[in-house]
Structures are given as structure tokens and as C-alpha cells.
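> Predicted model and sequence follow; I will ask about them next.
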Amino acid sequence: MNRAPTTLIVLALLLAILAGGLLWYIGEGAPGGPSSGIGVADIGGPFALIDQNGLRRTDRDFHGRYALLYFGYSYCPDVCPTTLGVMADALAKLGPRTSRFVPVFITIDPERDTPTVLKKYLAAFGPNFVGLTGSLADITKVAHEYRVYFAKHKLGDGSYAVDHSSVIYLLGPDGKLLKFYDETETPDQLAKDLRAVR
Ligand code: NI
């Protein structure tokens, strides 16, 4: 049997799948392209996780306030601490209005980011940060809801790093996504934006 037609069919199928995936991605309003975006309706969803004090927390616990939500991991060498720093600095610039916002960090490395580890890590960014962890299944589910990509890769020393999307989500008091920002946002820009929130 000639294998060429089979190869062509497989290639055609792959192209169709790729094109379909791309259209889905664009159609659904993928995060990460522009530095910020408005009106992304289908991103997000309910979750039930464990905070840095070992307490069960759900998305509903944050309703009534604006949430700044970021996915990352405490072992992240650069992007996560930088972005959490931007969030902390922006909130500090809001003065008394800062109490309307809650910064939330969801780990995509639950294996290492236990509540205790998160507690120690987040203390550096201020007392208001909520850190969330859970089973890998729970984390995978919420990451999927927020279209957050993450993947482990091994390092030479036998440990691992986790590649991940870097998006700050602003959720409204109803828990729905209002806007998102990437890690190039400055504290001043973000604070200005948050001040405009009613
Ligand atoms: Ni990171």
C-alpha cells in the first residue's frame, strides 16, 4: 500500500484541527495578545480551593469586592514576583480604596505550593494577598476556566520549572471578568485603571 495518501490525509486533518483551534482561540477572546482587554465574557468560572491558612475558599468568597487574580507559582524566578509586585504597588497607590480590591494568587504548582509555602511567599507582597492551592485536578480545572496554560519542564539539577501564561484578571464584584492585563503593565497604569472602576 502506498503510504503517501495516508500521510496527506493526516496532514490535512492536522491543518483542519489547527485552523479550528485558532478560530476558537480568536473567537473566544484569547488573553495575552493586547496588554489589556475589555469585554471577555466567557473566561472564568467557579472554583473551590484551599487558602494559605488551610481554609476552603470559593470564588463566591470574593464577590462584593473586585479581585485581581493571577496564576503562577512561588518557585517562579522572575515573572511571578515581578507581576505580584506590580499588583501590590498598584493597590498601595489606591489609598483607602484599596479595601475594595482583593489580590488573589492561584498556584499552578500545587505539588510544591502548599498553604504553608504560599503563606510565607505572599507575606512579601503584603497582608492582603490570598494564596490558593488545591489538588492538581482542581488547579487544572480553574486554570482551564481562565484559559491559563501551564506545563512543567525539567531543569538540569533534577528540579523543575513551570511555564505558564502571565495574565492579571480583574474580576467585578459579581465575580465576572471585567478586564485583563499582561505583565508589562506598570503599577501606575494599573492603579489608574483601578481608580476608574466604579
Ligand atoms: Ni511565573
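Perfect, thanks for sending it.
> Which stretches in the chain count as strands?
36-38, 48-51, 56-58, 66-72, 101-107, 130-133, 150-154, 160-164, 167-171, 177-182 (DSSP state E).
> so how far is the fourth one off the chain centroid?
Taking the mean C-alpha point of strand 66-72 and that of its whole chain, the gap between them comes to 6 Å (CA atoms, centre = their mean, to the nearest Å).
> if I look at Val86, how far off is Asp51?
Separation of Val86 from Asp51 (CB to CB, to the nearest Å): 22 Å. Backbone N, C-alpha and C define where each C-beta goes, glycine included.
> How about Arg112?
Counting by CB to CB - Arg112 and Asp51 are separated by 17 Å.
> May I see the buried residues of stretch 101-120?
101-110, 113-115, 117-118 (16 or more other CB atoms under 10 Å).
> Revised request: answer the last question for stretch 49-56.
Buried, per 16+ other CB under 10 Å, within stretch 49-56: 49-52.
> Check stretch 137-147 too.
Within stretch 137-147, the residues that count as buried by 16+ other CB under 10 Å are 138-139, 141-143, 146-147.
> Under the pLDDT cut-off, which ranges of this protein? List them.
Under the criterion of pLDDT under 70, the regions of the chain flagged as low confidence span 1-41.
> Domain-wise, how is it divided?
The chain resolves into domains spanning 1-38, 48-195 when parsed by automatic domain parsing.
> ok, and which of those has the densest surroundings?
Each of the domains of the chain was scored by mean neighbour count; the highest is domain 48-195, a mean of 17, by mean count of other CB atoms under 10 Å.
> Could you pick out the residues of the protein near the ion for me?
Contact residues, the chain versus the ion (CB under 5 Å from the ion): 72, 76, 79-80.
> check contacts around Leu194.
Residues counted as contacts of Leu194 (CB atoms under 8 Å, 6 or more residues apart in numbering) are 66, 90-91, 94, 97, 101, 170.
> ok, 10 Å please
If a contact means CB atoms under 10 Å, 6 or more residues apart in numbering, then Leu194 has 66, 68, 87, 90-91, 93-94, 97-98, 100-101, 170, 179 as its contacts.
> Of all residues in this protein, which one is nearest the centre?
Phe71 (3.2 Å; CA atoms, centre = their mean).
> For it, list each beta-bridge partner.
Residues found in beta-bridge contact with Phe71 (criterion: DSSP bridges) are Ile106.
> Check Asp182 too.
For Asp182, the beta-bridge partners are Val167 (DSSP bridges).
> correct me, but it touches Thr82?
No: with contact defined as CB atoms under 10 Å, Asp182 does not reach Thr82; the gap is 11.5 Å.
> Which residues are in contact with each of those two?
Listed as contacting both Asp182 and Thr82 by CB under 10 Å, 6+ apart are Ser166.
> Next, the contact list for Leu171, please.
So Leu171 contacts 43-44, 59, 62-63, 65-69, 101-102, 104, 177-180 (CB under 10 Å, 6+ apart).
> Find the residue closest to it in space, skipping its chain neighbours.
Spatially, and ignoring its direct neighbours in sequence, Leu171 is nearest to Ala67 (4.2 Å; CB to CB, 6 or more residues apart in numbering).
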